[in-house]
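1. Give me the fold of what follows.
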Amino acid sequence: MNDGIINILAIESSCDETSAAVVQNGKVLSNVIATQKVHERFGGVVPELASRAHMQHIVPVVDVALKDAGVDKKDITAVAFTQAPGLIGSLLVGACFAKSFAQASGLLLIAVHHMQAHVLAHFIENKPEFPFLCLTVSGGHTQIVLCRDYLDMEVLGETIDDAAGEAFDKVAKMLGLPYPGGPLIDKYAAEGDPLRFKFPMSEMKDYEFSFSGIKTSVLYFLQAQRKLDPEFAEKNIKDICASVQYTIVNMLLTKLRKAAKQLNIKHVGIAGGVSANSGLRKALLAEGEKLGWQVYIPKFEYCTDNAAMIGITGYHKYLKGEFADMTVSPTARAAW
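-> Predicted coordinates:
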C-alpha cells in the first residue's frame, strides 16, 4: 500500500440490501448492491429471510466491490460496517464478516451509525457547507438533523410513530399495490391531481413528526368510498397517490422550513430512501429557490441503503481516530 492512501472497505447490511464499497481517501471507487426480491410476495421485509440472503450475498458482493475498485484485499487499510440501527439478524451478518475480515488481516475496525451515514452520503459528491440541516427520510426514520461537522450531528426532531416511508408503503398496501409501494405511489402521483383529495396534516410540537394520522385518514376514506364504488381506488389511483404524496411532503417541508428559519440556516439537504421520491425532490428545490436555500440532494444510488455512505463515514471516523475493538456488537436501535 502506498503511503498516504487510505482504503476503506465498507459493509452495509442493516435491512434487505447487501452492499460493499471501497472508498479511497474519501473517493468512492466502487459501490455494489445486491437486492433481495424474496420479500415482495410477503408485502414487507421478513427478517429471517433477509438474514439468510445476506449470508448468501456478502462474500460475492465484497469480491465484486474489490475487483471493481481495482484494490487488492491486502491494500485495505480499515473495515467499516453498519453497527446500528437495523434488523439485528441482518446487522449480525455484516458485523461478523467485517470483524472476521479485519481480524484475519490485522486491520482497523470502524463501527458506523446507519443514519449518520445517510447524512454523510452528501459528501460523496456534493460537499455541503457547515452548518447545514438534513432531512433524513426512510422507511424506518424521519428526522431533522443539524450537522455542525462531519461527526458532530444533533437530531432536532423525529417522528413519534410511523416514518414517512412506512406511511407511503402502508398506503400503497391499502391501494392494493405490491411491495415496496413507495416508489409506485411516486410513479402514479406524477400523473395525478395533488389537490383533489384533502388529507389532514398532523400538528406536532417543535420539530416532531407524526404520520399515523394520514395513514388512518386514508384507510377510513377508502373504506367509505369503496362502499359507494368497490372500484373507487382503481379508478382514482393517480389522484389518491398524488394527494397523499402532496400531504406527506408538505408535512416534511413545513418542519424543515421552521427549523431553517429559527436556526437561520440556508444550507439544506435530504437523505435516506424517501429522498429518492421525485415529489419531495421537486418540492425541496422549489422551496429552496423561494427561500434562498442552497439545496443538496444525493444521487439516487446514494439515497437508498448502500455501502458507499458507510465508507465515507468510516473514512471521516478514521481521520478522527474513532475505531472499534473486536468486542463491538450490532444493535437494533442506537442513540446518536
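2. what about the helices in this structure?
-> For the chain, helices defined by DSSP state H occupy the ranges 47-69, 88-105, 114-120, 164-174, 182-189, 212-228, 232-235, 237-263, 278-291, 307-320.
3. Output these in JSON lines, with distance to Ser30, mean pLDDT and mean neighbour count appended to each entry.
-> Any C-beta I mention is one placed from the backbone N, CA and C, and that applies to glycine too. JSON lines is the format used below for the helices of the chain (distance: least, Cβ to Cβ, whole Å; pLDDT from 0 to 100; neighbours: other Cβ atoms under 10 Å):
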{"stretch": "helix 47-69", "distance to Ser30": "4", "mean pLDDT": "95", "mean neighbour count": "18"}
{"stretch": "helix 88-105", "distance to Ser30": "16", "mean pLDDT": "97", "mean neighbour count": "20"}
{"stretch": "helix 114-120", "distance to Ser30": "17", "mean pLDDT": "96", "mean neighbour count": "26"}
{"stretch": "helix 164-174", "distance to Ser30": "27", "mean pLDDT": "93", "mean neighbour count": "23"}
{"stretch": "helix 182-189", "distance to Ser30": "25", "mean pLDDT": "95", "mean neighbour count": "21"}
{"stretch": "helix 212-228", "distance to Ser30": "38", "mean pLDDT": "96", "mean neighbour count": "15"}
{"stretch": "helix 232-235", "distance to Ser30": "43", "mean pLDDT": "97", "mean neighbour count": "14"}
{"stretch": "helix 237-263", "distance to Ser30": "32", "mean pLDDT": "97", "mean neighbour count": "20"}
{"stretch": "helix 278-291", "distance to Ser30": "26", "mean pLDDT": "96", "mean neighbour count": "16"}
{"stretch": "helix 307-320", "distance to Ser30": "8", "mean pLDDT": "98", "mean neighbour count": "27"}
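4. Save the ones you listed as TSV, and put in distance to Cys147 too.
-> As requested, these are exported to TSV (distance: least, Cβ to Cβ, whole Å):
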stretch	distance to Cys147
helix 47-69	27
helix 88-105	24
helix 114-120	6
helix 164-174	20
helix 182-189	25
helix 212-228	28
helix 232-235	40
helix 237-263	11
helix 278-291	16
helix 307-320	12
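5. In this structure His57 contacts Glu17, no?
-> No: assessed by Cβ atoms under 8 Å, His57 is found out of contact with Glu17, at 9.2 Å.
6. any idea how far Ala332 lies from Lys299?
-> To Lys299, Ala332 is 28 Å away according to Cβ to Cβ, to the nearest Å.
7. what does Lys170 give?
-> Taking Cβ to Cβ as the measure, Lys170 falls 27 Å from Lys299.
8. Apart from its neighbours in sequence, what residue is nearest the residue most central in space within the chain?
-> With distances taken as Cα atoms, centre = their mean, the residue of the chain nearest its centroid is Gly272 (2.5 Å). Distances taken as Cβ to Cβ, 6 or more residues apart in numbering place Ser138 nearest to Gly272, at 3.7 Å, with adjacent residues excluded.
9. again, but for Val62
-> Among residues not flanking Val62 along the chain, Ala20 sits closest, at 4.4 Å (Cβ to Cβ, 6+ apart).
10. and the one you found, what does it touch?
-> Neighbour list for Ala20: 9-12, 30, 32, 58, 61-62, 64-65, 307 [criterion: Cβ atoms under 8 Å, 6 or more residues apart in numbering].
11. Make CSV from those and add distance to Ala98 to it.
-> Output for the contacts of Ala20, formatted as CSV (distance: Cβ to Cβ, whole Å):
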residue, distance to Ala98
Leu9, 8
Ala10, 9
Ile11, 5
Glu12, 10
Ser30, 16
Val32, 15
Ile58, 10
Val61, 13
Val62, 10
Val64, 17
Ala65, 13
Ala307, 11
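12. Farthest pair within those?
-> Maximum pairwise distance among those (Cβ to Cβ): 15.2 Å, between Ser30 and Ile58.
13. measure the residue nearest to Gly176 when sequence neighbours are not counted to Tyr318 for me?
-> Counting by Cβ to Cβ, 6+ apart, Gly176 lies nearest to Ala233, which is 6.8 Å off, once chain neighbours are set aside. Distance of Ala233 to Tyr318, computed by Cβ to Cβ: 51 Å.
14. just Gly165 next, same as before
-> Counting by Cβ to Cβ, the gap from Gly165 to Tyr318 is 30 Å.
15. ok, now Gln225?
-> Here Gln225 is placed at a distance of 55 Å from Tyr318 (Cβ to Cβ).
16. same thing with Glu154?
-> Remark: distance between Glu154 and Tyr318 (Cβ to Cβ) = 22 Å.
17. pLDDT value on Trp336, please?
-> Here, the pLDDT recorded for Trp336 equals 72.
18. just to revisit the earlier point, run through the residues that contact the residue nearest to Gly272.
-> 118, 163-165, 272-274.
19. Among the residues you listed, give me the pair with the biggest separation.
-> Of all pairs drawn from the contacts of Ser138, the widest gap by Cβ to Cβ lies between His118 and Ala164 and measures 13.5 Å.
20. Would you mind stating the distance between the residue nearest to the centre of the chain and Gly106?
-> 35 Å.
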